[in-house]
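Enquirer: sharing a sequence plus its predicted fold:
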Amino acid sequence: MENVNDLKPSDIGRAGGQVTKLDKVMDLPAPYDKPGMEPDFKEVKPAWQEKYCTTLDGFVGVDTLQRPKTKEEEDEFVRKFLSGLEKIFTDANNGALQPLSLTFDYCAKCNTCSEACHIYEASGHNELYRPIFRSEVLRKIYKKYFTKSGKLLGGFVGADIDVNWETIARLGELAYRCNLCRRCAQTCPLGLDNSIIAKEIRKIFSQELEIAPTPLHNKGTVLQLKTGSSTGINKAAFLDNIEFMEEDIEEQTGLKIKVPVDKKGADILLIHNAGEFVSWPENPAAFAILFERAGLNWTLSSSLVGYDSVNYGIWYDDTQAKKIVQAQQRAALELGVRRIVIGECGHAHKAAAVVGDRMVYGEDKVPVESFLPILWDAVQKGAFKFDPSRNDFPVTLHDPCNLVRGMGVVEPQRNILKIIAPKFREMTPHGVYNYCCGGGSGFAIMNSLNFLDFRNKVSSRMKFKQILDAFADTVADPSIVKYVCAPCSNCKGAIRDMFEYYEATAKFNIHYGGLVDLMVNALADLPRPFLTFDE
Amino acid sequence: MFLTLYSLLAIILFLAFSAYKAAEYAKMPIHGRLDLYPIPKEGGRLEYGGSYYEELEWWRKPRHVSHGAEIIDMLKEMLFIKKLFDNQRPFWWLSYAFHLGIYCLMGWTVLLAVLAVAGLNGVAVMGAGAGIVLVLKILLGIAGVAGFLLAVFGSGTLLIKRMADSSLRRYTTPQEYFNLLLIFLVLCTGIYAWSLAPSFDRPLGVMEQALSLQPLVLSGVGVLHVILLGIMFFYIPLSKMSHYVGKYFTFHKVLWDNSPNTPGSAIGKDVEKAAGYRPHTSWSAPHIKGNGATPGKTN
């Protein structure tokens, strides 16, 4: 195995063994600075080695990337990969051609981006996770097979990686060692974006080879387009969920709320990440309470995809992303609403408002808005009577990458927190420069084999460090509740798993939740706290 | 005479290839949005990275685009390489010396051309000069000396750093060493040729010869310098050293392009046109066709 400090891009094509192994990861601050405070990495099982690609770093993120059984299968795999690689520079990929070409052509390899990457930092500067590593691998392969300079000059221009199943599979895995958070692109002097390359590799695998992690594809976009939601919740189950939610609201707050569903001509179609109904039903319940209090004319939709804002396609497959955007627009058009409002889900914001912005067009296009300016407007208009002392515990704010760095919604959530949370403090860094939760680009739902280890110990590590730093004054005191406000379902999923892995809630009373939950908790007239901080 | 035509052709091709490359990027189809905040044209929100999406019903409000803030940010990046300064200071000293040297040499070339044209039209430009000529020759001296020294220092130290620093070396191809080496050699031969007759009138005379299509009178090393310079001019636009072209597109057309696709907007028309295009190539995975709910490969 290559020493992590000696690793170079061409080593991805090296025969035999694992390219690298993670051993020394970034130190965590107190109280996690002592031995035994976190589990060790698990060893790779021999059965996994036989079936999957474990030869990159020992983790398996892409469970559908399985070893070929025959030489013919391997040849077909290689042929299809090269075909897909060629296509990303053709009109089949028009929607990404210019940004891809620029990043592909111009990297000066100054490594300015490296320290911006939370995965590279958390890995203890393992070379494999340097943002340009995978980009350079792809450049080398493309040059080798598709450029005249590569064919004529070979290694002189860097065309020095031959492909076989192992090499391509490693690259496929490596595409899922990036959260696509784009923090590295903020630092590039040439304005280049390595996440584009990572996503294009994912696209080659999905759009040409039909290979993508099961939670993103088969149990993600495919299931969503088939049943209406990536959770598998169909229309009937969704309607049941709403009934249960109404009962829960009444039981917990005494408020009788009839949640509007399929209300024709409503002003707002509110779309939640359907995962909220399953994992955090208090979140859509809090939305219902706040929207009713604010007097908004709103509705949920029970149409296919109309009740699930997620769009995993934006992480790995443009064609799936477009189908979901179109389905959400159809749901809005059917109801005749004036606007689509996205609830607490960062990637859904970006998918519907930013990526989807150029996937549909015309007079019928329904504008997409974040829930945040709506709630901030209602707060300013005095729609809610808050008692901030109900949130008298330390609160910090996580900035979902897609909502903040990728969409520029930065201030409304802070303005609200400053009113409802007297002990609010920022993370360092914060706002558009905040770090990813480690669950971005699908990691939050990818849990096959040992991938959770990679997420919890590596990709989420910087976020955990930030949280510990933000609560440094109280973190060691388990009698004090500490709350990480994460207005995003995927981020919450990653933080939930992170807290469980590090036993942060059990040992140090650190909790997480949404913004609306915290707002409802501060409502002065509710008979009892909306948030309960039980284990 | 060959060298005269060769050097003029090199400059013409440099400009032509650069323009061609810019045109190639410019005519690429409209792409999906990749906004990355902070975006300078958001004006007052630039400081914290906000956007129009923070406004209630943003599509109903007039959009305020601050071209001034965009130009200021662009100039900071072009003139000072601000992102490198902010994020990798040790590297910036070398890279900035190199780029500032190139800017000075561009200014030096323009001043040489201006003075040469003046000289060819009867203005006394040789010797110390007087009045505006004196001012231009002082500027010429500063630009030339600073340009050569900074650029040769920058290119030389960048080359050494790239060879010595293992984190850079492992990503650097032989071609990329060649790129820096070529520039370094062009600068060294230029400095050496100039040092044989250290006068500002010497390069001015060569420029006059070139612009009047006269044979260039050069020393042996001067001939080598012009040949290498020509190769560099041919080569730069064909290599990734043409990032002066790409940088405009990466910022303005990718990271800072957050213009919304509202009905009737120019973007809306571009999106509609792009939607009507039928590509010649297509993806092969089974789920691409149909409604996307076709199951893919399963465990």
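Expert: On my side now, so go ahead.
Enquirer: other SSEs contacting the helix or strand where B:A19 lies?
Expert: Element membership for B:A19, per DSSP states H and E: helix B:2-26. The helices and strands touching helix B:2-26, judged by 3 or more C-beta pairs under 8 Å, 6 or more residues apart in numbering or on different chains; DSSP states H and E, are helix A:97-106, helix B:201-211, helix B:220-235, helix B:243-248. In short, each C-beta sits where N, CA and C put it, glycine included.
Enquirer: and of these, who's closest to A:S83?
Expert: Closest of the helices and strands packed on helix B:2-26 to A:S83 is helix A:97-106, at 16.7 Å (criterion: C-beta to C-beta).
Enquirer: measure how far the closest one is from the centre of its chain, please.
Expert: 24 Å (C-alpha atoms, centre = their mean, to the nearest Å).
Enquirer: is the very next helix or strand once past that helix up against chain B anywhere?
Expert: Heading C-terminal from helix A:97-106, the first helix or strand you meet, by DSSP H and E, is helix A:118-122. No. On the criterion C-beta under 8 Å from any C-beta of the partner chain, helix A:118-122 is out of touch with chain B, staying 11.1 Å away.
Enquirer: and for stretch A:449-461?
Expert: No. Stretch A:449-461 stays clear of chain B (C-beta under 8 Å from any C-beta), getting no nearer than 11.1 Å.
Enquirer: how about stretch A:210-217?
Expert: Yes. Against chain B, stretch A:210-217 shows contacts by C-beta under 8 Å from any C-beta at A:E210, A:I211, A:A212, A:T214, A:H217.
Enquirer: just the strands in the stretch 201-350 of chain A please.
Expert: Remark: strands assigned in the stretch 201-350 of chain A by DSSP state E, counting those that start in this stretch are A:268-271, A:298-299, A:339-342.
Enquirer: point out the most buried one among those.
Expert: strand A:268-271 (a mean of 26; mean count of other C-beta atoms under 10 Å in any protein chain shown).
Enquirer: tell me the phi and psi of A:V395?
Expert: Main-chain dihedrals, A:V395, degrees, to the nearest 10: phi -130, psi 130.
Enquirer: the spatially closest residue to it that is not a sequence neighbour: how many residues sit nearby?
Expert: Nearest residue to A:V395 in three dimensions, chain neighbours excluded: A:A421, at 4.1 Å (C-beta to C-beta, 6 or more residues apart in numbering or on different chains). Applying other C-beta atoms under 10 Å in any protein chain shown, we find 26 other residues in the vicinity of A:A421.
Enquirer: list the contacts for A:A421?
Expert: Residues in contact with A:A421 (C-beta atoms under 8 Å, 6 or more residues apart in numbering or on different chains) are A:P388, A:N391, A:V395, A:Y483, A:C485, A:L518, A:A522.
Enquirer: neighbours of the closest residue to chain B within chain A, how many?
Expert: Residue nearest to chain B within chain A (C-beta to the nearest C-beta): A:G408, separated by 2.5 Å. By other C-beta under 10 Å, 26 other residues sit near A:G408.
Enquirer: just give the number of residues close to the residue nearest to it when sequence neighbours are not counted.
Expert: In space, and not counting its chain neighbours, A:G408 is closest to B:S51: 2.5 Å by C-beta to C-beta, 6+ apart. When neighbours are defined as other C-beta under 10 Å, B:S51 has 24 of them.
Enquirer: repeat for A:D27
Expert: Neighbourhood size, A:D27 [other C-beta under 10 Å]: 10.
Enquirer: ok, it - contacts?
Expert: Contacts of A:D27 by C-beta under 8 Å, 6+ apart are A:D33.
Enquirer: so it lies in a strand, does it not?
Expert: No. Applying DSSP: H, G, I helix; E, B strand; the rest coil, one finds A:D27 to be coil, outside a strand.
Enquirer: and the strands in the stretch 1-150 of chain A, which stretches?
Expert: Under DSSP E, counting those that start in this stretch, the stretch 1-150 of chain A gives no strands.
Enquirer: okay, now the unreliable bits of it?
Expert: The stretch 1-150 of chain A contains residues with pLDDT under 70 at A:1-5.
Enquirer: would you mind listing what in it touches chain B?
Expert: So the stretch 1-150 of chain A meets chain B at A:5, A:7-9, A:63-64, A:80, A:83-84, A:87, A:90-92, A:94-99, A:101-103, A:105-112, A:114-116, A:127, A:130, A:132, A:136 (C-beta under 8 Å from any C-beta).
Enquirer: ok so, going back, deepest in the core, which of the helices and strands packed on helix B:2-26 is it.
Expert: Among the helices and strands packed on helix B:2-26, the stretch with the highest mean neighbour count (mean count of other C-beta under 10 Å) is helix A:97-106, at a mean of 22.
Enquirer: just give the nearest non-adjacent residue to A:L304, would you?
Expert: In this structure, A:L304 finds its nearest non-sequential neighbour in A:G228, 4.5 Å apart by C-beta to C-beta, 6+ apart.
Enquirer: again with A:F205
Expert: Excluding the flanking residues, the one nearest A:F205 by C-beta to C-beta, 6+ apart is A:I211, at 4.4 Å.
Enquirer: surely that neighbour meets A:I204?
Expert: No. Counting by C-beta atoms under 8 Å, A:I211 does not reach A:I204; the two are 9.2 Å apart.
Enquirer: any idea which residue sits dead centre in chain B?
Expert: B:Y244 (1.8 Å; C-alpha atoms, centre = their mean).
Enquirer: who's in contact with that residue?
Expert: B:S18.
Enquirer: what do you get if the cut-off is 10 Å, keeping everything else the same?
Expert: Contacts for B:Y244 (C-beta atoms under 10 Å, 6 or more residues apart in numbering or on different chains) come out as A:Y106, A:L190, B:S18, B:K21, B:A22, B:M78, B:H99, B:I102, B:I236, B:P237.
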